[in-house]
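J.: I'll drop the sequence and a predicted model, then ask my questions.
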Amino acid sequence: MASRHEPPDEEARTDRRIVAYGVGLILLVGALVLLPNLVPASTHEVVSDLVHARIVSVDHGQNGAQPTAAVVVLDGAQAGTHLTADLQGPSSQLQLPDYRPGDEVLVSIDSHPGSPTTYTVIDRWRLPLLGVLAGAFVVAAAAIAGWRGLRAVVSLVLTLGFTIRLLIPLLLLGWSPVPLAVAFGIAVTSLSFLLTQGASRTTASAIVGTSAGLLVSGVLAAAVTAAARFTAAQGSDQVVTLGQLVGNRIDLSGLLLAAVIFGGLGVLNDVAMSQAATVEELAALDPGLRARELFGRAMNVGIAHLAATINTLVFAYLGTALPLLVILALQVGSFGDAINQEVIAVEVVRTLVGSLGILAAVPLTTAVAAAWQGRMAGARPRALASTGQAG
């Protein structure tokens, strides 16, 4: 009789999980939609209007004259308007794209009191291509990972939405970047794991492990940055530009520390969930394993995983800094002198701090998961014994 009741029970649990997921998703989307615009009004003073347009003709300029293009606006309130715009690119005039008639582009409209309005073609229009790529990603996630893959996509979209609608506005409002990054990272991790994995001891263990790794990364990043006495910009041109735009509203050093924390978050999520799931699988294979045995066996898996994981983090930062490394190789003769320069030392700190956070997360996650599963293993014999006595 018990076997006959198991499928309905499992089906009921599945139905409850689907309902819980649906309700949670509706609440999160509702919170995202109803979230007020927190961006300070003063920031709009430094934002240019951008419009989608098509190039009608191109004047490459003669004798050093500024290249221009005749464009027609395609979308928005100014749709159909013909404009003459200067030609630039993502890197301004350093490398002008080969614009041609018929190309769809992005036009910046800058207007200031007492000055004439200027129009500038600043880049190509790529949203349709990006939309196709995003659609292919969703289809691939659904085809390979099924329902869980779609849940991961939903989690990703919500994470990006809350980053844009909540994290960035709070930074612009002057909130301290490091505590905000740690808190936001823990919240995003919890949201992501609950949406993709569901509520379970494994999920809780992974959340605890990721949170611990984030805290370790945050504390180490702050301590090492203070000891290294980096400048506020830490060798970043983007930070210099941001400082010119927002003044003292944002703690620029803290912002880069927050970037260090977020840089290792994805890898932290990976190792924490892998360790928690490993402990769960080991406990399922041998329900009699105690916490100490579970910890030892799961750590054997985690240690094997760590080498590849740290390499992943190192290569991620290397890929970002590779052009800069090539420039320094041409300009600096000594490898030690190159590493000592702030712009490279910052990347070294990011890599090592992120790796230390990962190294801390693996044993901490494993210990928490093993402790919970070990208690369950100890409870089973007592439950069986009490059942036998009752019989």
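T.: Cool, the structure landed.
J.: Can you tell me the element Thr309 falls in?
T.: Assigned by DSSP states H and E, Thr309 falls within helix 291-331.
J.: list the helices and strands that helix packs on?
T.: helix 252-263, helix 265-285, helix 335-340, helix 342-390 (3 or more C-beta pairs under 8 Å, 6 or more residues apart in numbering; DSSP states H and E). C-betas here are computed from N, CA, C, even on glycine.
J.: relative orientation of it and helix 252-263 in degrees?
T.: For helix 291-331 against helix 252-263, the angle by axes from the mean of the first three to the mean of the last three C-alpha atoms, to 10 degrees is 120 degrees.
J.: Next, format the helices and strands packed on helix 291-331 as a markdown table and append mean neighbour count, distance to Leu194 and mean pLDDT.
T.: Below are the helices and strands packed on helix 291-331 laid out as a markdown table (neighbours: other C-beta atoms under 10 Å; distance: least, C-beta to C-beta, whole Å; pLDDT from 0 to 100):
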| stretch | mean neighbour count | distance to Leu194 | mean pLDDT |
| --- | --- | --- | --- |
| helix 252-263 | 22 | 20 | 78 |
| helix 265-285 | 22 | 12 | 88 |
| helix 335-340 | 12 | 41 | 70 |
| helix 342-390 | 18 | 16 | 73 |
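J.: right, and these - which one's nearest Leu133?
T.: Of all those, helix 265-285 sits nearest to Leu133, with 19.2 Å by C-beta to C-beta.
J.: Does the closest one pack against any helices or strands, and if so which?
T.: helix 177-197, helix 201-228, helix 291-331, helix 342-390.
J.: Ramachandran coordinates for Val56?
T.: Here is the backbone geometry of Val56 (degrees, to the nearest 10): phi -90, psi -40.
J.: Next one: it from Phe184, what distance?
T.: For Val56, the distance to Phe184 equals 45 Å [C-beta to C-beta, to the nearest Å].
J.: who's more crowded, these two?
T.: Neighbour count, other C-beta atoms under 10 Å: between Val56 and Phe184, Phe184 has more, with 23 against 14.
J.: Give me the three-state assignment for the residue lying closest to the more buried one once chain neighbours are set aside.
T.: In space, and not counting its chain neighbours, Phe184 is closest to Leu167: 5.3 Å by C-beta to C-beta, 6 or more residues apart in numbering. Under DSSP: H, G, I helix; E, B strand; the rest coil, Leu167 falls in the helix class.
J.: I would like the residues contacting stretch 62-81, please.
T.: Under the contact criterion C-beta atoms under 8 Å, 6 or more residues apart in numbering, stretch 62-81 has outside partners 51-61, 82-87, 96, 99, 104-105, 107, 119, 121.
J.: relative orientation of the helix holding Thr309 and helix 265-285 in degrees?
T.: Using the same axes, to 10 degrees: helix 291-331 against helix 265-285 is 160 degrees.
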